[in-house]
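Asker: need coordinates for the below:
(chains A and B)
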There are 2 protein chains.
Amino acid sequence: MNHNGRRNYDSKKLGGQTYALAAPPSIAGHANVVGKKEGQGPLADSFDLISQDASFGQRTWEKAETAMQKLALTHALEKAGQPLSALDFLFAGDLLNQCIGSGYAARDLGVPYFGLYGACSTMAESLALAAMTLDGGFGEWAAAAASSHFCSAERQYRTPLEYGGQRTPTAQWTATAAGAVVLTKEGPGPYITHVTVGKINDKGIKDANNMGAAMTWAAYDTISCHLRDTGRAPSYYDLIVTGDLGRLGRSLLVELFQRDGVELSGNYNDCGCLLYDCDTQDVHCGGSGCGCSACVLTGYLLNGMREGKWNRLLFCATGALHSPTAVGQGESIPGICHAVAICNCREG
Amino acid sequence: MNHNGRRNYDSKKLGGQTYALAAPPSIAGHANVVGKKEGQGPLADSFDLISQDASFGQRTWEKAETAMQKLALTHALEKAGQPLSALDFLFAGDLLNQCIGSGYAARDLGVPYFGLYGACSTMAESLALAAMTLDGGFGEWAAAAASSHFCSAERQYRTPLEYGGQRTPTAQWTATAAGAVVLTKEGPGPYITHVTVGKINDKGIKDANNMGAAMTWAAYDTISCHLRDTGRAPSYYDLIVTGDLGRLGRSLLVELFQRDGVELSGNYNDCGCLLYDCDTQDVHCGGSGCGCSACVLTGYLLNGMREGKWNRLLFCATGALHSPTAVGQGESIPGICHAVAICNCREG
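Answerer: Residues are numbered from 1 along each chain as shown, chains lettered A, B, ... in the order given. Take a look at the predicted model:
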């Protein structure tokens, strides 16, 4: 305390856009729910629930998405051994207009709620804010959740499924998936140790069927910033994962770093490339949607960390902040990427 | 520091959903931008910019909303004497699908960005998160912003203006307005001293033209929680302001508290009732939209605090988290309310 009776909190800012958490929150539970197609992909073993019914027992795709987010969150809380009432905060978002996937889920769960819109960056945005909130001394338990549904997204962003529209080679497949992470102030890890908050990047790409390219610059900007702010080389991390640039975006990102003399390919991958078998599952450039990075993080990645496969992960979810209205008005597609460092050791 | 090298941050939770900030951030600047109708209302003197052109020089209503949010934020930064580059975080949101009002504003401004969706509660949600982030030791400067535009909202939520639809008696008028607040860690105030994070309340109201009623329960829940958690009576505050319940919602809220034996009417008002002259401006039950509470806070309310008219303000922005799709699918309208205590004295 200083003479004003105020606590002297040192800034956690490392410079640039990166913050080192003083008391890294621990991941106490993580869970996911996916649809049939995701359950047929290479990560099938890492999912908590694979539903053969894309409607999740609901009458509409939008209600199905709400059901998915509730399932993911309640299951993550079960794994954390906590009741819903323990949650001090839920940070959540999705792709639907007015974020109704998350809003109606939070209504039914009855928890203090901060609604987010970060498009496909939502899993990193929610995780960053949940971690910062606990680290800042607010509450004991916080959750982060995100979801997407192929059918609700196709109808809203493109054409109704019944239309049978052709997909371009650069298109990605919106994942039917939800993921949730439960964080707590104290625990055995893995820990959220650093957060790099993204700025929006827009290089003028207007093709809404090529979002990998639109988001790559944001990923490049945020990851570069993170490495510069922390003084770390990419090799510091066992794995750097973007989500979800897809095959095209992934190769563009590797190329952008190569121009800087930085080799990313050895320990780098993308959630959009991991979720599906791009060669056999007809997903063209890979997966996308808030649920893509959410289910890859809460399954394959965090399971792998618990198994000691990786000890230091840089999770960089990417989002395209356009809308059909904006694109129809001639606007280009803004991309954003938030990076969250997750480490088995509290010191990073 | 304890033996693990970790800082011992005490929890700031007072119980329930309320947090007392340890180092209350100071409001260094606040500004707003409104349209012609708002400029003809009783708060005209409190606006920084009244535009006679609802398009704000843009080709579409959506781009006009982006322009408004940029104007409000840059003007708030000017008042704070800070360049855009000083901003560590921008928390912002709006009503548009995929929050493009805020997303494109943040793109053009080039600042680290957390996108929010809280419907008309966004000004309180963004202010709460910006304050908690600074109080938590992250960065020095943070901004909170929200906007709405009558024309973009009518088209998206109801019918195109050209349709000339009749409005029901319980309808509210979406404000063409944007507001922004710039916070900093140290300063002469006013200070954000407490935050009460809302849960979603839904009493089954399905009439999208009666949002005041839909949101009133959330306001009742959050304000009750705040008073209980802090041990304060309503009279502790010079003014309690909801935003934006409108005339019907305001009277319902007073009645709900009366049932508990709590008299709210003496020092209570609503941004939706303050913004327009409901008797002469043909707005039926009053104002609404994220921009309504944003421009009333950043004009009338914060100006009044600086003039010493009020020293303790409880700002409780309310949002309806429905969408046309959800209502079309038979869903009821979930309401949320976040409360932020703003005081001229750091101790509250």
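Asker: how about the residues of the stretch 201-348 of chain A by chain B?
Answerer: Within reach of chain B by Cβ under 8 Å from any Cβ of the partner chain, the stretch 201-348 of chain A has these residues: A:Asp202, A:Leu321, A:His322, A:Ser323, A:Pro324, A:Thr325, A:Ala326, A:Gln329, A:Glu331, A:Pro334, A:Ile336, A:Arg346. Yep, even glycine has a C-beta here, placed from its N, CA and C like the rest.
Asker: same thing but 10 Å
Answerer: Within the stretch 201-348 of chain A, the positions lying close to chain B (Cβ under 10 Å from any Cβ of the partner chain) are A:201-202, A:222, A:225, A:319-336, A:338, A:346-347.
Asker: just the strands in the stretch 201-348 of chain A please.
Answerer: For the stretch 201-348 of chain A, the strands defined by DSSP state E, counting those that start in this stretch occupy A:239-243, A:268-270, A:287-288, A:312-320, A:335-343.
Asker: okay if I get the ones you listed as JSON lines plus distance to A:Tyr163 and mean neighbour count?
Answerer: Converted to JSON lines, the strands of the stretch 201-348 of chain A look like this (distance: least, Cβ to Cβ, whole Å; neighbours: other Cβ atoms under 10 Å in any protein chain shown):
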{"stretch": "strand A:239-243", "distance to A:Tyr163": "28", "mean neighbour count": "28"}
{"stretch": "strand A:268-270", "distance to A:Tyr163": "29", "mean neighbour count": "23"}
{"stretch": "strand A:287-288", "distance to A:Tyr163": "19", "mean neighbour count": "34"}
{"stretch": "strand A:312-320", "distance to A:Tyr163": "22", "mean neighbour count": "29"}
{"stretch": "strand A:335-343", "distance to A:Tyr163": "27", "mean neighbour count": "29"}
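Asker: next, format the ones you listed as TSV and append mean pLDDT and distance to A:Tyr276.
Answerer: Formatted as TSV, the strands of the stretch 201-348 of chain A follow (pLDDT from 0 to 100; distance: least, Cβ to Cβ, whole Å):
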stretch	mean pLDDT	distance to A:Tyr276
strand A:239-243	97	13
strand A:268-270	98	11
strand A:287-288	96	5
strand A:312-320	98	17
strand A:335-343	98	21
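Asker: export the ones you listed to a markdown table and tack on distance to B:Gln17?
Answerer: Putting the strands of the stretch 201-348 of chain A into a markdown table (distance: least, Cβ to Cβ, whole Å) gives the following:
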| stretch | distance to B:Gln17 |
| --- | --- |
| strand A:239-243 | 31 |
| strand A:268-270 | 38 |
| strand A:287-288 | 35 |
| strand A:312-320 | 28 |
| strand A:335-343 | 25 |
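Asker: name the residue closest to the centre of chain A, please.
Answerer: Among the residues of chain A, the one closest to the centroid is A:Met123, at 2.8 Å (Cα atoms, centre = their mean).
Asker: check the gap between it and chain B for me.
Answerer: In this view, A:Met123 and chain B are 13 Å apart by Cβ to the nearest Cβ, to the nearest Å.
Asker: still on that earlier bit, which of the residues of the stretch 201-348 of chain A next to chain B are buried?
Answerer: Buried by 16 or more other Cβ atoms under 10 Å in any protein chain shown: A:201-202, A:222, A:225, A:319-323, A:325-327, A:331-336, A:338, A:346, out of those.
Asker: mind checking which of the strands of the stretch 201-348 of chain A is nearest A:Gly139?
Answerer: strand A:335-343 (18.8 Å; Cβ to Cβ).
Asker: the closest one to strand A:239-243, inter-axis angle?
Answerer: Per axes from the mean of the first three to the mean of the last three Cα atoms, to 10 degrees, the angle that strand A:335-343 makes with strand A:239-243 is 150 degrees.
Asker: roughly how far out does stretch A:180-190 sit from the chain middle?
Answerer: Centroid separation for stretch A:180-190 versus its chain: 17 Å, with Cα atoms, centre = their mean, to the nearest Å.
Asker: which one of the residues in chain A is closest to chain B?
Answerer: Going by Cβ to the nearest Cβ, chain B is nearest to A:Gly136 of chain A, at 2.0 Å.
Asker: I figured that residue hits B:Gly137, correct?
Answerer: Yes - between A:Gly136 and B:Gly137 there is a contact at 6.4 Å, judged by Cβ atoms under 10 Å.
Asker: sec struct for A:Ala128, please.
Answerer: Counting by DSSP: H, G, I helix; E, B strand; the rest coil, the backbone at A:Ala128 sits in helix.
Asker: mind listing what it touches?
Answerer: Neighbouring residues of A:Ala128 by Cβ atoms under 10 Å, 6 or more residues apart in numbering or on different chains: A:19, A:21, A:91, A:118, A:121, A:144, A:192, A:194-198, A:315, A:317, A:338-340, B:114.
Asker: for A:Thr280, give me phi and psi.
Answerer: phi -120, psi -10 (degrees, to the nearest 10).
Asker: show the model's pLDDT score for the closest residue to A:Gly249 other than its chain neighbours.
Answerer: Take A:Gly249 and drop its neighbours on the chain: the residue closest to it by Cβ to Cβ, 6 or more residues apart in numbering or on different chains is A:Gly212, 2.8 Å away. You'll see A:Gly212 listed with a pLDDT of 90.
Asker: same thing with A:Asn8?
Answerer: At A:Asn8, the model reports a pLDDT of 40.
Asker: please enumerate the helices of chain A.
Answerer: Along chain A, the segments classed as helices by DSSP state H run A:36-39, A:61-80, A:100-109, A:122-135, A:150-157, A:211-230, A:246-259, A:271-274, A:290-296, A:302-306, A:324-328.
Asker: isn't A:Ser332 right up against A:Asn210?
Answerer: No - taking contacts as Cβ under 10 Å, A:Ser332 lies outside contact range of A:Asn210: 11.4 Å.
Asker: ok, now which ones touch the residue nearest to A:Asp244 when sequence neighbours are not counted?
Answerer: Excluding the flanking residues, the one nearest A:Asp244 by Cβ to Cβ, 6+ apart is A:Gly272, at 3.2 Å. Contacts for A:Gly272 (Cβ under 10 Å, 6+ apart) come out as A:120, A:172-173, A:175, A:211-212, A:215, A:242-250, A:278, A:283, A:285-289, A:292-293, A:296, A:318.
Asker: who's in contact with the residue of chain A closest to chain B?
Answerer: Residues counted as contacts of A:Gly136 (Cβ under 10 Å, 6+ apart) are A:9, A:12, A:21-23, B:9, B:12, B:19, B:21-22, B:132-138.
Asker: apply 6 Å and report the result again.
Answerer: Contact analysis of A:Gly136 by Cβ atoms under 6 Å, 6 or more residues apart in numbering or on different chains lists B:Met132, B:Gly136.
Asker: try the one 10 residues further on
Answerer: Contact criterion Cβ under 6 Å, 6+ apart gives A:Gly93, A:Thr122, A:Met123, A:Cys290, A:Ala294 as the residues in contact with A:Ala146.
Asker: please report the distance of the residue lying closest to the fourth one once chain neighbours are set aside from A:Thr298.
Answerer: Think A:Cys290. Leaving aside its sequence neighbours, A:Cys290 sits nearest to A:Ala146 (Cβ to Cβ, 6+ apart; 4.0 Å). Distance, A:Ala146 to A:Thr298, by Cβ to Cβ, to the nearest Å: 10 Å.
Asker: okay, now the residue nearest to A:Leu129 when sequence neighbours are not counted: neighbour count?
Answerer: Closest residue to A:Leu129 apart from its sequence neighbours, by Cβ to Cβ, 6+ apart: A:Phe91 at 4.9 Å. Neighbours of A:Phe91 under the rule other Cβ atoms under 10 Å in any protein chain shown: 30.
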